[in-house]
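K.L.:
Sharing a model prediction with you, sequence too.
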Amino acid sequence: MKKAIFTLAIGDNPMYRAAIASFRYYADKVGADLIISDQLHFPISIEKPKYNASPAWTEKLRIGDLLREYDRVLYVDADVLITPNARNVFELYTDRETTYWFDEGVVQDRDNDIALVCDALGDVCWPKNNERFVYYNAGIILTSKESGLFEKTQLDDLQRICNKITHYDQSYFNYLLHRHSIKHASLDKAFNRMDMFGSDDYLEADFIHYAGKGYAKNSRRRDVQFLKDFGNLYHNLLPVEQVTNLKIRAWQDYLAVVYKKYPLPNSVIKMFSQRFVPH
């Protein structure tokens, strides 16, 4: 069985470099090829969107292309850190007719997201779990040829909705599950651990997802926190110089942002940052 781990990482962001290092370590462990998109293949026009929208989100459509070559594909956002002891997700979730992702609807109210996509594309029967609508987070997706989900996706559909609805790619994929009665199931939260579950023991998860501000105090500090955690988890598994250089890069990038934000001498900002920002 051919397996692939797929991500999108454009540019030389140190968080992306660290994430990819963790993906490569995991791919070697589970016997999968690592596929990285470093450019966009599915152009879309984002013009005056009502909600936050990125043209990069359409790159998930490449999953469908990869499934022509691979039996199973694990898509992982580039703000995810796969921990060294992560379990083999391919062996734990084996039904190849089912697409697996984490049902964040158990925690987050996604009624508005669902209403918006249904208004745009037509009503479907949307299932509930414990009286809450099922709504999967698309930051981590495990799917297979037999599922058929990515045979149904259309770039034209995404163009129709990208400027009108929230999380346009994620809501669209969720919508297609129910429109076409495609089998779906939730991953355990350990395979998409987000800060909505708090920070206790998060480093013990399999896949840590630093969406939004991640596990930092704010989004500006996210990359620094990511690299701090990466260094703690991989310090004896990857070359010390590689880990150290990435941490330094993330810290320098953070300082460059706060130097522009605050009207204080850089030396003062750096002193307080070193004292109060975990890194």
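P.N.:
Perfect, I can see it now.
K.L.:
mind checking the end-to-end distance for stretch 131-141?
P.N.:
Stretch 131-141 has its terminal residues 24 Å apart, counting by Cα to Cα, to the nearest Å.
K.L.:
for stretch 137-155, same thing?
P.N.:
End-to-end distance (Cα to Cα), stretch 137-155: 19 Å.
K.L.:
so how far is L81 from H209?
P.N.:
In this structure, H209 and L81 are 8 Å apart, going by Cβ to Cβ, to the nearest Å. For glycine as for every other residue, the C-beta is placed from the backbone atoms N, C-alpha and C.
K.L.:
Looking at these two, which one has more neighbours?
P.N.:
The neighbour comparison of H209 against L81 (other Cβ atoms under 10 Å) goes to L81, with 28 against 25.
K.L.:
show me the contacts for the residue lying closest to E91 once chain neighbours are set aside.
P.N.:
Excluding the flanking residues, the one nearest E91 by Cβ to Cβ, 6 or more residues apart in numbering is V30, at 7.9 Å. Contacts for V30 (Cβ atoms under 8 Å, 6 or more residues apart in numbering) come out as 3, 88-91.
K.L.:
how about a cut-off of 7 Å?
P.N.:
Contact analysis of V30 by Cβ atoms under 7 Å, 6 or more residues apart in numbering lists 3, 88, 90.
K.L.:
same check, this time on L61
P.N.:
When contacts are counted by Cβ under 7 Å, 6+ apart, L61 touches 42, 153, 155.
K.L.:
that older thread, among the contacts of V30, which are in helices?
P.N.:
Filtering the contacts of V30 for membership in helices, criterion DSSP state H, returns F90.
K.L.:
picking up where we left off before, out of the contacts of L61, which end up buried?
P.N.:
When these are checked for burial by 16 or more other Cβ atoms under 10 Å, the buried set is 42, 153.
K.L.:
I'd like the contacts of L61 as CSV, with pLDDT, secondary structure and distance to V224 appended.
P.N.:
Compiled in CSV, the contacts of L61 are given as follows (pLDDT from 0 to 100; DSSP: H, G, I helix; E, B strand; the rest coil; distance: Cβ to Cβ, whole Å):
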residue, pLDDT, secondary structure, distance to V224
F42, 97, coil, 31
T153, 97, coil, 35
L155, 98, helix, 36
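K.L.:
hang on, H209 packs against M194?
P.N.:
Yes: using Cβ atoms under 7 Å, H209 makes contact with M194 at a distance of 4.8 Å.
K.L.:
Check which helices and strands the longest strand seen in the chain sits against.
P.N.:
Counting residues, the longest strand found in the chain (DSSP state E) is strand 136-144. Counting contacts by 3 or more Cβ pairs under 7 Å, 6 or more residues apart in numbering; DSSP states H and E, strand 136-144 is packed against strand 72-76, strand 99-103, helix 168-179, strand 207-209.
K.L.:
Neighbouring strands of it in the sheet, and parallel or not?
P.N.:
The pairing partners recorded for strand 136-144 under DSSP bridges are strand 72-76 (antiparallel), strand 99-103 (antiparallel).
K.L.:
any idea of the mean pLDDT in the last one?
P.N.:
This predicted structure assigns strand 99-103 an average pLDDT of 98.
K.L.:
Check the first one too.
P.N.:
Strand 72-76 comes out with an average pLDDT of 98.
K.L.:
With just CA atoms, put that strand into CSV.
P.N.:
The C-alpha trace of strand 72-76 is given here as CSV (Å, rounded to 0.1, in the frame of the first residue of the first chain):
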residue,chain,number,x,y,z
ARG,A,72,-3.9,6.7,1.3
VAL,A,73,-3.0,10.4,1.9
LEU,A,74,-2.5,12.2,5.2
TYR,A,75,-2.9,15.9,4.8
VAL,A,76,-1.3,18.0,7.5
